[in-house]
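Asker: build the 3D model from these lines:
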Amino acid sequence: EVQLVESGGALVQPGGSLRLSCTTSGFDFSICAMSWVRQAPGKGLEWVSTVNTTGDGPKYADSVKGRFVITRDNAKRTVYLQMNSLKPEDTAVYYCTKSDTTSYFASWGQGTQVTVSS
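Answerer: Residues are numbered from 1 along each chain as shown. Sure thing, here's the model as predicted:
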């Protein structure tokens, strides 16, 4: 069974930092691209970032470029999202997703809440 479990969400002040983790099981992690997607209150899903199987050439949405960093540890089957210089508009539920042969978003975790507020 494919499982993706996010953690690390919290309440943080503007300008602060958080690191999200997504631990996985039930599939060959090393051959899957991994992504983070978020959903702000009352809004639709927004793609945040994707990392390929080797961790090279990560991609970012313009809204987070220069502030967020995605990395992966294939030995630990875990993908991370380091979030710096957080803004209130980063408040959202953050989801981890895995790719398959047809989609970058084939399977999803349950999400972790990030709230940026003073």
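
Asker: and the residue nearest the centre of the chain, what helix or strand is that in?
Answerer: With distances taken as Cα atoms, centre = their mean, residue 36 lies nearest the centre of the chain, 2.9 Å away. Counting by DSSP states H and E, the secondary-structure element that holds residue 36 is strand 34-39.

Asker: distance check, the spatially closest residue to the residue nearest to the centre of the chain that is not a sequence neighbour against residue 115.
Answerer: In this structure, residue 36 finds its nearest non-sequential neighbour in residue 48, 4.3 Å apart by Cβ to Cβ, 6 or more residues apart in numbering. Placement of C-beta: from N, CA and C, glycine included. The span separating residue 48 from residue 115 equals 16 Å under the rule Cβ to Cβ, to the nearest Å.

Asker: same drill for the two, tell me which one is more crowded.
Answerer: Of the pair residue 48 and residue 115, residue 48 is the one with more neighbours under other Cβ atoms under 10 Å, namely 23 against 15.

Asker: correct me, but that one touches residue 62?
Answerer: No. The criterion here is Cβ atoms under 8 Å, and residue 48 misses it with residue 62 at 10.8 Å.

Asker: buried residues of the strand holding residue 36, list them for me.
Answerer: Within strand 34-39, the residues that qualify as buried by neighbour count (16 or more other Cβ atoms under 10 Å) are 34-38.

Asker: again, but for stretch 41-58
Answerer: Within stretch 41-58, the residues that count as buried by 16+ other Cβ under 10 Å are 47-51, 58.
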